[in-house]
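Novice: Let me see the structure of the following:
(chains A, B and C)
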Amino acid sequence: MRDELIRPLRGVVAAVVLAGLVVAPWTVDDYTAAILARTLALGLVGVSVALLTGVAGMPTLGQTAPYAAGAYACAVVGGSVSDVGVVQLAVAAAAGAALAALTVPLVVSARGVVVLMITLAIGELVVTVLGRWRSFTGGTDGLAGIAPVRPFWGLPVLAGDRARYVYTLVVVAVVVGALLLVLRTRVGLVLRAGRDDEARLRASGHRVAGQLAGVHIAAGAIAGAAGSLLVVAQQYISPADFSFDTSALLLLGVVIGGTASVGGALVGATLVIASRDWLFGILPGQAPLVLGALFVATVYLLPGGGRRRPRLRGRPQPGRPGPGPALRTGPDPAARTEVRT
Amino acid sequence: MSAVAAGAYRIDPYLIPALDGVAYGLLVFVAASGLVFCFGVAGILNLAHGTLYAIGGYTAAAVLDGGWPSLALALGVGVAAASAAGVALAGLLTRAAAGNHLTQALLTFGVALAGGSLLVSAFGPDDRPVNVPAALDGSVAVAGHRYAAYRLVFIVVAGLLAGLLYLTVRRTRAGMLVRAAVDDPEMVACLGVSPTRIRIGVLAAAGALAGAAGVLGAPIIGPGPDTADTVLLLSLVVVVLGGLGSLTGTLLAALVVGEIQTLGVALAPSAAPFLLFAAMAAVLAVRARGLAAARRST
Amino acid sequence: MTPLLAARAITVRYGSLAALDGVDLRIDHGQRHALIGPNGAGKTTLLNVIAGATRPGGGRVWLAGREVTRRGPAARARRGIGRIHQRPAVWSTLSVTENVQVAALPQALRPGRWRPGAARSAARRTADTLLDRVGLTDLAGRPAGELAHGQRRQLEIAMALAGRPRLLLLDEPAAGLSATEVGRLVDFLRELPRAVAVLLVEHRLDLVYALCDTVTVLRDGRTLAAGTPDEIRGSELVRRAYAEGVT
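Specialist: Residues are numbered from 1 along each chain as shown, chains lettered A, B, ... in the order given. Have a look, this model is predicted:
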């Protein structure tokens, strides 16, 4: 019964949230606009999480790494290359993609929850490195004094939080729109097929490893681009923006929004981040406690109560879908051949 | 100054960091072994693992007063408290999203968040010092250098714990079940042991190990607001590096991590943050190739 | 003439157990060959080795004269090996048509010129044709996860054919099918173009005798006998092997 309520409920919530985001520049004050811009940037990172987790079936807690790479690349390098927003976006996306390309060999052979572990470790380590690399990143003090940005050649510099928010909104809309279009092509089909049964995809002649590498790099580029948006919105970055807590919150947002849904991920991630900010605003001391409790409650209330679990890639065994009942998806399970005849 | 004494001080200046690395590594091993059990046997990525360690650490900070009885008490209470927390976690996991590893991991994160907040409100936002028993508080001469007595004793005790773990896994029936479950989780269900019992047992054991590590290791990785995150990350790296097949692999990985964090930092202070990442990347890349080849031999 | 498939001295060990021990196999273009034997004989393992899903501990495999021993399943599929699995493997969240489309994509991408959507529409045409041949056109829009067992089997056959295979590996295709469905399957396999060779692993000897030109009998990982269906049917050796075969 609960499942039947969830879908229309999701639709309504999504519509409300999206409408709110669109009318925001006219209805909120500057401070809120700045917060919303930052939240949207994180929402875009959530989209990259959904791409990997829901569409490709590789759950990740490490998208903060390309997000950070993009943000720092933009802050440190982007300003000196050009003050045009689109160029900085490209620089940041390239940085995120490059980091993702470097980490592809580490992740691409793993499946199931092991991917969560590895990506979490990678994410944490990258952020630790950034925090200690004072000469490049300013360490834990962060980087400030970032020059303002012109969205496009011929347009004036973005002045004011509202203008920056609109820029963020437009960029997110364009990127998400482009992603949705691409996923409608054979790319989306092939990724979902691989998520359902990777061995069958191989048996049909597809180069699965290449596909996985491609989707990782694409997700890295999206998260990197989001990093550039963060720089524009906040005009200040520090390692604290990329903590592992953020990864977990984003993953929860993605799961709430319907793991395989890119649009749902944007809405879900935005909601979760906004809720966190709101909680920290009204209960500075107790916020983590309440947030944690809400986390647990939300997981309980998820649709299907776990029966309809997000499809993840399992060990490539033909005819078998992803991780099944409770105790499966252990580490390197012993080779499971079909019934031998 | 006599020639002999002068000669003694020419001994390798990296001996102390190397020794520190062993202590650190053994500590990480005991702490990480709980995570390995959790994941290997029940497939649970327990993101509250660091919090369980922190419970042990804070217990040590609160109970230890410099006397031996307090050490015994701290150990008992710490292990019990962390174990109980583990059982509570198992209870939460049983009801919600059973079998969905993704949401299980998220749920443990929520608990970690809430638990961390509770600990900080109870003990304050600063790192808490610990009072080790007075007899162990001094330093001891090791090959011409002075080394903290506690850490030396810790190495022995942790080594014993590791040996005990090894024996348990290799020689007892429970250990056999654990090894079987790591090899083939479905088989364990077929043996008639309920998944709930396994979850509770595994999380209780994980809590006990993490709590013990937290109490005994408090002078090395002490209790504070960042402890849970640090221990979680280190444990994760150890699990990923060591693979989940053997305790020996985990031990080796833990020692490597320990040495990187101590000796590595001493040898190459500017490269220190990258070393852990580089080590993990190298091992994973090598293992990935091995896995890719092995998969095709089924 | 170069055989389509040649496998020599294939050995696969699991610990001390030899699933396959020095097995040879040769299939010519267009040949219909069956692999039979009691349970545990190694038939599916041999199929896995040929398909590239299992790497043998020893031995080599050639496809149309080129060695493929080190190649994985995807490379071999692109070179012309198609297979269906004991348990029908389909992509449950994709529709029936989309399943065959995705299976057809690697072949549809061949021609050099690239136009957006060209591969996809070529794949869709192939899918429509094949679905018609296996009789699943009515279910084209349904998610494959909703199909019954027999329908999944037909879908997987369509998917295997979408890859334009030169050699089709069939792992117990009749398992779990009703009598009508088996009849349909036999007719379908009989109507396969002669250019497609077939390696059939089957327990049902009536199918084997109806469909195949040659038969290899495996037992305990070794070749027991090989020859025409009549020769095998009359063989005392084979009869005893089945009688003693441990399940």
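
Novice: wait, is residue B:141 part of a strand?
Specialist: Yes. Applying DSSP: H, G, I helix; E, B strand; the rest coil, one finds residue B:141 inside a strand.

Novice: I'd like the distance between the residue nearest to it when sequence neighbours are not counted and residue B:258.
Specialist: In this structure, residue B:141 finds its nearest non-sequential neighbour in residue B:147, 7.8 Å apart by CB to CB, 6 or more residues apart in numbering or on different chains. (Glycine included, C-beta is placed from N, CA and C.) According to CB to CB, to the nearest Å, residue B:147 stands 15 Å off from residue B:258.

Novice: The two - which one has more neighbours?
Specialist: Using other CB atoms under 10 Å in any protein chain shown as the criterion, residue B:147 and residue B:258 rank with residue B:258 on top: 25 against 17.

Novice: Isn't that one up against residue B:30?
Specialist: No. Applying CB atoms under 8 Å as the test, residue B:258 and residue B:30 come out as separate, 11.5 Å apart.

Novice: quick revisit: and the helix or strand containing the residue nearest to residue B:141, which residues are buried?
Specialist: Following DSSP states H and E, one finds residue B:147 within strand B:145-148. Within strand B:145-148, the residues scored as buried using 16 or more other CB atoms under 10 Å in any protein chain shown are B:145, B:147, B:148.

Novice: same thing with stretch A:146-164?
Specialist: Those would be A:146, A:148, A:149, A:150, A:151, A:158, A:161, A:162, A:163, A:164, for stretch A:146-164 by 16+ other CB under 10 Å.

Novice: ranges for the strands of chain C?
Specialist: In chain C, strands defined by DSSP state E lie at C:5-14, C:17-27, C:32-36, C:58-63, C:66-67, C:81-84, C:167-171, C:197-201, C:214-219, C:222-227, listed in chain order.

Novice: would a markdown table of those strands with distance to chain B, mean neighbour count and mean pLDDT be doable?
Specialist: Listed next are these as a markdown table, based on distance: least, CB to the nearest CB, whole Å; neighbours: other CB atoms under 10 Å in any protein chain shown; pLDDT from 0 to 100:
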| stretch | distance to chain B | mean neighbour count | mean pLDDT |
| --- | --- | --- | --- |
| strand C:5-14 | 8 | 19 | 91 |
| strand C:17-27 | 10 | 19 | 90 |
| strand C:32-36 | 18 | 25 | 93 |
| strand C:58-63 | 11 | 18 | 93 |
| strand C:66-67 | 15 | 10 | 92 |
| strand C:81-84 | 14 | 28 | 94 |
| strand C:167-171 | 15 | 25 | 94 |
| strand C:197-201 | 17 | 24 | 94 |
| strand C:214-219 | 18 | 23 | 91 |
| strand C:222-227 | 20 | 17 | 88 |
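
Novice: So for chain A, which of the ones you listed sits nearest?
Specialist: With CB to the nearest CB as the measure, strand C:81-84 is the member of those nearest chain A (5.6 Å).

Novice: Return that closest one as CSV; C-alpha atoms alone will do.
Specialist: Extracted in CSV, the C-alpha atoms of strand C:81-84 (Å, rounded to 0.1, in the frame of the first residue of the first chain):
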residue,chain,number,x,y,z
ILE,C,81,30.0,-16.9,-30.7
GLY,C,82,26.5,-16.7,-29.4
ARG,C,83,25.1,-18.5,-26.4
ILE,C,84,22.2,-19.1,-24.2
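
Novice: And the contacts of that strand?
Specialist: Strand C:81-84 is contacted from outside by A:203, C:47, C:50-52, C:63, C:153, C:156-157, C:159-161, C:163, C:165-171, C:173, using CB atoms under 8 Å, 6 or more residues apart in numbering or on different chains.

Novice: Direction included, what does it pair up with?
Specialist: Looking at strand C:81-84 with DSSP bridges, its partner strands are strand C:167-171 (parallel).

Novice: can I get the CA coordinates of the strand it pairs with in CSV?
Specialist: The C-alpha trace of strand C:167-171 is given here as CSV (Å, rounded to 0.1, in the frame of the first residue of the first chain):
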residue,chain,number,x,y,z
LEU,C,167,28.5,-20.7,-33.7
LEU,C,168,25.6,-21.0,-31.3
LEU,C,169,26.1,-22.5,-27.9
LEU,C,170,23.0,-23.9,-26.4
ASP,C,171,23.0,-25.0,-22.8
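
Novice: And the residue of chain C found nearest chain B, its phi and psi?
Specialist: Of all residues in chain C, the one sitting closest to chain B is residue C:55 (3.8 Å; CB to the nearest CB). Dihedral angles of residue C:55 (phi, psi; degrees, to the nearest 10) stand at phi -90, psi 130.
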